[in-house]
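A.B. asks: test case, fold it:
(one chain, ligands or ions: 1)
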Amino acid sequence: MTTPQHNFHLSRRGVIRAGAMLGGAAIIRPALGQPEGQPAKGTKPVHDFKFKDDNPSRDNSPSPRFPPGEPGTHYNPVVVPNGWTLPYKVVDGVKVFHLVAEDVEHEFAPGLVANCWGYNGSTHGPVIEAVEGDRVRIFVTNRLAAPTTVHWHGVLLPSGMDGVGGLTQRTIRPGETFLYEFTLRQHGTLMYHSHHDEMTQMGMGMTGLLVIHPREPRGPRPDRDFAIMLHEWKIEAGASRPDPNEMTDFNVLTMNAKVFPATQPLIVRRGDRVRIRLGNLSAMDHHPIHLHGYYFTITETDGGVIPEAGRMPETTVLVPVGATRTIEFTADNPGDWAMHCHMTHHVMNQMGHGIPNMIGVDSAGLDERMRRLLPAYMTMGQTGMHGMTEMGMPVPPNSIPMVGGIGPYDEITMGGMFTILKVREGLADYDTDPGWYEPPEGTLALPAPPGLDPGDAPRAPAGTRSWTPAPLTRAPAAVHHARYSCPMHPEVTSDAPGRCPECGMALTGSP
Ligand SMILES: [Cu+2]
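C.D. replies: Numbering: from 1, shown residues only. The predicted model follows:
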């Protein structure tokens, strides 16, 4: 390949040309969910499903194809916390997937269940995982009451496979099954989502990750390769559906559609090479995801691999709406490490938003007087939001407390877009939660022992909190009257044409 694009790794070695491999096998019968009865008025009849392998790579070379990549041989499958990966079948050398768009009853955390939209019984949809050079055939059945499409975000494919309702295809009507087929020319972390009535359908959860592994990895594969989709929802306390019309006030912020403490921790062995793929299909918010205990490198975007010369060490990665970011690091520091969105409202759950500011309020007497009117009244938030996890405060039906849960030492005052990276020595397996980290003696912050109090802490020196500008040494020039000034000495001005006494240049201006 002559392309300079670093994310294209396909070589001629092992390439199977589409024609040689497929022969006539690309013709398949429209057996899966073919709509019964007449096609909708004004729509063309279903074609014969004979797709050409005409997806050009960047350098317009003929379509390189490989046999289907296999897990274990060509890649280590991704780990999807709280989620799953869509199984496929290989038919005539093509990987065949089947997505079903449908209503999904989804639990965001114990206590909060909502009727969302998703794929194959989950929201978000399952991760689709494949290998660069694979030919993929994806059936999409629509079991929603509304028409839909699926767009393959970031995938280099023929225009007619791009899934944009109205623009590149007619929509998939309720009950219909459509077929998308293309060859994967790239590797990376990409996404799929509805591209019809986008605000409603993505807002209801119709998104998923699409991971394409490189055919020829340039370095050692990661030991743990996590895939996480970020999203935001508006679910009024007690409501049974997300409100996709919300523009600003999102109150359920999720990783793989879960809020902490329901987010499954990322469990790794000390020394593991870790990759975390983050996608964001929130409606309105970018998410700066911060990892404690490490610095990492942002290695990829949904546009491909970042050249090594362009990488920087980071502790926070901003994942914009409609983008993916991939970070990598070696897990050499054992512990329980928070990984969360650094937008502080994005680590609060439903009830933490839009309440009156009570910080500093002395509520003595107020509660008593209020209880004469409202027997259950209790002022809250006078010193902030802590205490909200454990006070056993009744919450409205179908809602969750505003913050997370009880940690090993205290309450954890974060919910929402928050999870924990658990790095351990000598883990038996990755599937068992190793519990809370026990720090070696001498490595835990504790109350200062008596007698070690350092005494008065330094105070801010006088003058650091206010600033007095230096007094003027002369009267300000009457520039507002002058019509002429020196281009080199702006303080030299005049109401009449002339020359600058400093430098002799003609004053500029207009009569
Ligand atoms: Cu955020």
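A.B. asks: leaving out chain neighbours, which residue sits closest to the single nearest residue of the stretch 101-250 of the chain relative to the ion?
C.D. replies: Here the residue of the stretch 101-250 of the chain nearest the ion is Leu230; by C-beta to the ion that distance is 7.0 Å. Placement of C-beta: from N, CA and C, glycine included. Nearest non-adjacent residue to Leu230, counting by C-beta to C-beta, 6 or more residues apart in numbering: Asn280, 4.4 Å away.
A.B. asks: packing partners of the longest strand along the chain?
C.D. replies: As assigned by DSSP state E, the longest strand anywhere in the chain is strand 94-109. Applying 3 or more C-beta pairs under 8 Å, 6 or more residues apart in numbering; DSSP states H and E, one finds that strand 94-109 contacts strand 89-91, strand 112-119, strand 135-142.
A.B. asks: so what strands line up beside the shortest one?
C.D. replies: Read that as strand 89-91. strand 94-109 (antiparallel) (DSSP bridges).
A.B. asks: in the partner strand, which residues are buried?
C.D. replies: By neighbour count on 16 or more other C-beta atoms under 10 Å, the buried set for strand 94-109 is 94-102, 104, 106, 108-109.
A.B. asks: in JSON lines, list these along with pLDDT and distance to the ion.
C.D. replies: JSON lines is the format used below for the buried residues of strand 94-109 (pLDDT from 0 to 100; distance: C-beta to the ion, whole Å):
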{"residue": "Val94", "pLDDT": "95", "distance to the ion": "38"}
{"residue": "Lys95", "pLDDT": "97", "distance to the ion": "34"}
{"residue": "Val96", "pLDDT": "97", "distance to the ion": "36"}
{"residue": "Phe97", "pLDDT": "98", "distance to the ion": "30"}
{"residue": "His98", "pLDDT": "98", "distance to the ion": "33"}
{"residue": "Leu99", "pLDDT": "98", "distance to the ion": "27"}
{"residue": "Val100", "pLDDT": "98", "distance to the ion": "30"}
{"residue": "Ala101", "pLDDT": "98", "distance to the ion": "27"}
{"residue": "Glu102", "pLDDT": "98", "distance to the ion": "28"}
{"residue": "Val104", "pLDDT": "97", "distance to the ion": "23"}
{"residue": "His106", "pLDDT": "96", "distance to the ion": "20"}
{"residue": "Phe108", "pLDDT": "93", "distance to the ion": "16"}
{"residue": "Ala109", "pLDDT": "90", "distance to the ion": "17"}
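A.B. asks: so where is this structure shaky, pLDDT-wise?
C.D. replies: Counting by pLDDT under 70, the chain contains low-confidence ranges at 1-63, 351-367, 370-396, 402-404, 476-482, 511.
A.B. asks: related to what we said a few turns ago, tilt between the helix or strand containing the residue of the stretch 101-250 of the chain closest to the ion and strand 112-119?
C.D. replies: When secondary structure is defined by DSSP states H and E, Leu230 falls within strand 224-233. Interaxial angle, strand 224-233 versus strand 112-119 (axes from the mean of the first three to the mean of the last three C-alpha atoms, to 10 degrees): 110 degrees.
A.B. asks: CA atoms only for strand 224-233 - export them in PDB, please.
C.D. replies: Output in PDB follows, covering the C-alpha atoms of strand 224-233 (Å, rounded to 0.1, in the frame of the first residue of the first chain):
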ATOM      1  CA  ARG A 224      -7.000  -6.000  28.900                       C
ATOM      2  CA  ASP A 225      -8.900  -4.100  26.100                       C
ATOM      3  CA  PHE A 226     -12.000  -2.300  27.500                       C
ATOM      4  CA  ALA A 227     -14.800  -0.700  25.500                       C
ATOM      5  CA  ILE A 228     -17.000   1.900  27.100                       C
ATOM      6  CA  MET A 229     -19.700   4.100  25.600                       C
ATOM      7  CA  LEU A 230     -20.500   7.400  27.300                       C
ATOM      8  CA  HIS A 231     -24.100   8.700  27.200                       C
ATOM      9  CA  GLU A 232     -26.500  11.100  28.900                       C
ATOM     10  CA  TRP A 233     -30.200  10.900  29.600                       C
END
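A.B. asks: bridging residues for the residue nearest to Trp152 when sequence neighbours are not counted?
C.D. replies: Closest residue to Trp152 apart from its sequence neighbours, by C-beta to C-beta, 6+ apart: Tyr192 at 5.4 Å. Note on Tyr192: beta-bridge partners Trp152, Gly208, judged by DSSP bridges.
A.B. asks: kindly report the same for Thr316.
C.D. replies: Assigned bridge partners for Thr316, using DSSP bridges, are His290.
A.B. asks: go on, Trp337?
C.D. replies: Leu421.
A.B. asks: I figured it hits Ile276, correct?
C.D. replies: No: using C-beta atoms under 8 Å, Trp337 is not in contact with Ile276, being 11.8 Å away.
A.B. asks: enumerate the positions of stretch 486-495 that are buried.
C.D. replies: Per 16+ other C-beta under 10 Å, stretch 486-495 contains these buried residues: 486, 492-494.
A.B. asks: how far does it sit from its chain's centre?
C.D. replies: Offset of stretch 486-495 from its chain centre (C-alpha atoms, centre = their mean, to the nearest Å): 55 Å.
A.B. asks: mind exporting the C-alpha coordinates of that stretch to CSV?
C.D. replies: Taking C-alpha atoms only, stretch 486-495 is exported to CSV below (Å, rounded to 0.1, in the frame of the first residue of the first chain):
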residue,chain,number,x,y,z
CYS,A,486,1.8,59.2,14.9
PRO,A,487,1.8,55.6,13.7
MET,A,488,5.0,55.0,15.7
HIS,A,489,4.1,56.9,18.8
PRO,A,490,0.4,56.6,19.5
GLU,A,491,0.6,59.0,22.4
VAL,A,492,1.5,61.8,20.0
THR,A,493,-1.8,63.2,18.8
SER,A,494,-3.1,66.4,17.2
ASP,A,495,-6.2,68.0,15.9
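A.B. asks: in JSON lines, list the helices and strands packed on strand 94-109 along with distance to Thr413.
C.D. replies: Below are the helices and strands packed on strand 94-109 laid out as JSON lines (distance: least, C-beta to C-beta, whole Å):
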{"stretch": "strand 89-91", "distance to Thr413": "47"}
{"stretch": "strand 112-119", "distance to Thr413": "18"}
{"stretch": "strand 135-142", "distance to Thr413": "42"}
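A.B. asks: can you put the ones you listed in TSV and add mean neighbour count?
C.D. replies: Shown next, in TSV, are those (neighbours: other C-beta atoms under 10 Å):
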stretch	mean neighbour count
strand 89-91	12
strand 112-119	22
strand 135-142	23
